[in-house]
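Peer 1: just a sequence and a predicted model for now, questions to come.
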Amino acid sequence: MRLGIHTGYWSAGPPEGVQEAVVAADRLGVDSVWTAEAYGSDAFSPLAWWGSRTSRVRLGTAVAQLSARTPTATAMAALTMDHLSGGRFVLGLGVSGPQVVEGWYGQPYARPLARTREYVDVVRQVLAREAPVTSRGPHYPLPLPDGEGTGLGKALRSTVHPLRADLPVHLAAEGPKNIALAAEIADGWLPLFYSPRMDGTFRELLADGFARRSPERSPETAFEVSATVPVVVDEHVERAADRVRPFLALYVGGMGAKGANFHRDALDRLGYADACDEIQAHYLAGRKDLAAAAVPTAMVEDVALVGPAEKIARDLEAWRSTAVTTILVQGDATAVRTLAALLPVGDATAPA
């Protein structure tokens, strides 16, 4: 199990201290650094800016939203980043949710699994550069079919030769079918709410996807599971949990709509449906403080590492036997240092 850093979402502006943290991670030998996007900052620009000061650490998007760019535009950004970083880029993709997709990007959300499969196929065609890129659609037809547009479109091949035709593609997934899809078509899975006690279920879903995996893909043994894990080091467990509760309350109550919240669904499957009902009711009524207070400590400890360093070390043992290959720390410098003392660093797989 390796160590990575998730820089998280921006708030009103760029987060302070991230450049220094990324440089320190590179010097320390941390495996990877990941950026996010929602409907503010994008995932690629900060990664390029911060990553330009590094030479070893892998640079990943967790996640670049499908609806933000056409698949060919995403592939262009990926192959560009891979060249500039010397082969250290990892393309993490996700469908986001209907509120963002339809409200921010003005794109239809229907059939997210089919769209993902088609999107990844186009990205891989660009990266392989074996022939002009074509897609029969229906979501991303290339070139545009007869009767649409001017009729002058033609299949094209990237002018730039990719540094790595097998640049890794990882998928963010929470639903059972989407997790299986990641194992079928991608090189890695980016879970948000991974609980060690659900490891058997997650392994079964991955095995279902592996059974349909093409021999052309990277070997199953190389498949990565990079889990974002909030980490708060504090002598008082409840005080540490209090720093994670607003994050969980936001995802349960503020991400997605009532009845259409995939983040909440993931926590429901962990056995917290009743607590999520209360959290969501408070959040939708504007009572964010009460929503956070309603997050059980058990829920926090299921998906996060909180408390004194000694407790975190004990709790980490449950993660070591899971399918997770990399823990992406979402936390401050103390959290990163604490995990760095417990997980392998200095042996990053990226070129030096």
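Peer 2: Structure's in. What do you need?
Peer 1: mind jotting down where the helices sit in the chain?
Peer 2: Here the chain has its helices, by DSSP state H, at 18-28, 44-51, 71-85, 98-103, 112-128, 176-185, 199-210, 237-249, 262-267, 273-284, 288-293, 297-303, 309-320, 333-340.
Peer 1: mind putting the ones you listed in a markdown table, mean neighbour count included?
Peer 2: C-betas here are computed from N, CA, C, even on glycine. What follows is the helices of the chain, written out as a markdown table (neighbours: other CB atoms under 10 Å):
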| stretch | mean neighbour count |
| --- | --- |
| helix 18-28 | 18 |
| helix 44-51 | 20 |
| helix 71-85 | 20 |
| helix 98-103 | 17 |
| helix 112-128 | 20 |
| helix 176-185 | 21 |
| helix 199-210 | 16 |
| helix 237-249 | 20 |
| helix 262-267 | 22 |
| helix 273-284 | 18 |
| helix 288-293 | 17 |
| helix 297-303 | 19 |
| helix 309-320 | 15 |
| helix 333-340 | 19 |
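Peer 1: nearest to Met255, of these?
Peer 2: helix 262-267 (5.0 Å; CB to CB).
Peer 1: what's the closest one packed up against?
Peer 2: Under the contact definition 3 or more CB pairs under 8 Å, 6 or more residues apart in numbering; DSSP states H and E, helix 262-267 sits against helix 273-284.
Peer 1: would you format the helices of the chain as JSON lines with mean pLDDT and distance to Ala62 included?
Peer 2: Below are the helices of the chain laid out as JSON lines (pLDDT from 0 to 100; distance: least, CB to CB, whole Å):
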{"stretch": "helix 18-28", "mean pLDDT": "93", "distance to Ala62": "14"}
{"stretch": "helix 44-51", "mean pLDDT": "97", "distance to Ala62": "10"}
{"stretch": "helix 71-85", "mean pLDDT": "98", "distance to Ala62": "14"}
{"stretch": "helix 98-103", "mean pLDDT": "92", "distance to Ala62": "16"}
{"stretch": "helix 112-128", "mean pLDDT": "98", "distance to Ala62": "15"}
{"stretch": "helix 176-185", "mean pLDDT": "98", "distance to Ala62": "13"}
{"stretch": "helix 199-210", "mean pLDDT": "98", "distance to Ala62": "17"}
{"stretch": "helix 237-249", "mean pLDDT": "97", "distance to Ala62": "15"}
{"stretch": "helix 262-267", "mean pLDDT": "92", "distance to Ala62": "15"}
{"stretch": "helix 273-284", "mean pLDDT": "96", "distance to Ala62": "24"}
{"stretch": "helix 288-293", "mean pLDDT": "98", "distance to Ala62": "24"}
{"stretch": "helix 297-303", "mean pLDDT": "98", "distance to Ala62": "16"}
{"stretch": "helix 309-320", "mean pLDDT": "98", "distance to Ala62": "18"}
{"stretch": "helix 333-340", "mean pLDDT": "94", "distance to Ala62": "16"}
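Peer 1: as TSV, the ones you listed with distance to Gly151 would be great.
Peer 2: Shown next, in TSV, are the helices of the chain (distance: least, CB to CB, whole Å):
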stretch	distance to Gly151
helix 18-28	47
helix 44-51	32
helix 71-85	19
helix 98-103	29
helix 112-128	21
helix 176-185	32
helix 199-210	39
helix 237-249	50
helix 262-267	39
helix 273-284	48
helix 288-293	52
helix 297-303	51
helix 309-320	55
helix 333-340	54
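Peer 1: and those helices: which comes nearest Val57?
Peer 2: That would be helix 18-28 among the helices of the chain, by CB to CB, at 4.3 Å.
Peer 1: kindly spell out which helices and strands sit in contact with that closest one.
Peer 2: Helix 18-28 packs on strand 2-6, strand 32-35, helix 44-51, helix 333-340, going by 3+ CB pairs under 8 Å, 6+ apart.
Peer 1: pick out the residue closest to the middle of the chain.
Peer 2: Ala62 (3.3 Å; CA atoms, centre = their mean).
Peer 1: now for the closest residue to that one other than its chain neighbours: which residues touch it?
Peer 2: Nearest residue to Ala62, sequence neighbours excluded (CB to CB, 6 or more residues apart in numbering): Trp34, at 3.8 Å. The contact partners of Trp34, by CB atoms under 8 Å, 6 or more residues apart in numbering, come to Gly4, Ile5, His6, Thr7, Leu59, Gly60, Thr61, Ala62, Gly92, Ser226, Thr228, Leu328.
Peer 1: state the pair within those that is farthest apart.
Peer 2: Maximum pairwise distance among the contacts of Trp34 (CB to CB): 15.7 Å, between Leu59 and Thr228.
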